[in-house]
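**Q** What shape does this take:
(4 chains)
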2 protein chains.
Amino acid sequence: MKSIAETIRRGELLSAECPSREVLKHVTSRWGVLLLVVLLGGTHRFSELHRKIGGVSEKMLAQTLKWLEQDGLVLRKSYATVPPHVEYSLTPLGLEVGKRVESLADWIEFNLPRIMEVRQQTSAVEAMEERVS
Amino acid sequence: MKSIAETIRRGELLSAECPSREVLKHVTSRWGVLLLVVLLGGTHRFSELHRKIGGVSEKMLAQTLKWLEQDGLVLRKSYATVPPHVEYSLTPLGLEVGKRVESLADWIEFNLPRIMEVRQQTSAVEAMEERVS
DNA sequence: CGGTATCCTGACCGATACTG
DNA sequence: CAGTATCGGTCAGGATACCG
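**A** Predicted structure coming up:
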């Protein structure tokens, strides 16, 4: 009898029908990444998230929050007050993905100079080849 | 005198104009993630990538490869033979991101059962609330 | 305050056909 | 084999207005 872990293992993700793709889509979505990173910093209210994440619209913020909530990564706590008070935080599951996403985001921020350098060189080479042809 | 690392640090990514967003977009794009994971397994030819990554079109594969190549994450080696022979592999930079992306992908695959379970519960609750209203 | 509903545009992306 | 070119549809996502 194989364990679930052994049965699923690697490579499923490469299949077009793999349900993991859906979750991956939410997590790696334009605002999903940033949302997870911010929420790693602690509980936030809707308006706080909206302010911290530059460029996000209310619509997309709400939608992304809903995705992650349905995937069990984000916890939504609503207090029945007037005016309304809603708090978002990471579930234990969300904390796990969050850490991995942050690791990726941090790496990119930290190594951006090296990447920009490569980009410069590439466009320089292309400009030369342009002149030759 | 601050080091570059200290100067950049955290939070730049949260600003809408941060150039990191562009790289993040390429890496976390629909096919970027899968591409990096596959290339972690070693050098591949175009057709091999196309076969391994279920559901990707030639167009999007070529485009994603080009993005990652320009970001210095993927190395493209072309041999002047007939028929053409092109090999793609990860640069040292690409290896770094690749490992982090794989960590994320692996986590999702492995924990998918737990996530699906949450999803089920959510839709069950919604069905109940539907009946009440 | 914390959303939802609606409309709308551009970008993404797949299908097809063609090329070195 | 390894792409590029073009077309067209879908959809992410922004703007605006409105609601509990």
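**Q** got a list of contacts for stretch A:58-75?
**A** Under the criterion C-beta atoms under 8 Å, 6 or more residues apart in numbering or on different chains, residues A:23, A:26-27, A:29-32, A:35-36, A:39, A:46, A:49-50, A:53, A:76, A:88-91, A:93-94, A:97-98, B:114-115, B:117-119, B:122 lie in contact with stretch A:58-75. Backbone N, C-alpha and C define where each C-beta goes, glycine included.
**Q** Among those, which lie within strands?
**A** A:76, A:88-90 (DSSP state E).
**Q** which stretches of chain A have low pLDDT?
**A** A:1-11, A:123, A:125-133 (pLDDT under 70).
**Q** Pull out the buried positions in stretch A:62-80.
**A** Within stretch A:62-80, the residues that count as buried by 16 or more other C-beta atoms under 10 Å in any protein chain shown are A:64-65, A:67-75.
**Q** Are it and DNA strand C in contact anywhere?
**A** Yes: contact of stretch A:62-80 with DNA strand C (C-beta under 7 Å from any atom of the strand) involves A:62, A:65-66, A:76, A:78.
**Q** quick one: stretch A:62-75 to chain centroid distance?
**A** 11 Å (C-alpha atoms, centre = their mean, to the nearest Å).
**Q** ok, back up a step: filter the buried residues of stretch A:62-80 down to just the ones in helices.
**A** A:64-65, A:67-70 (DSSP state H).
**Q** Closest one to residue B:103 out of those, please.
**A** residue A:68 (18.6 Å; C-beta to C-beta).
**Q** Check the gap between that closest one and residue A:35 for me.
**A** With distances taken as C-beta to C-beta, to the nearest Å, residue A:68 is found 7 Å from residue A:35.
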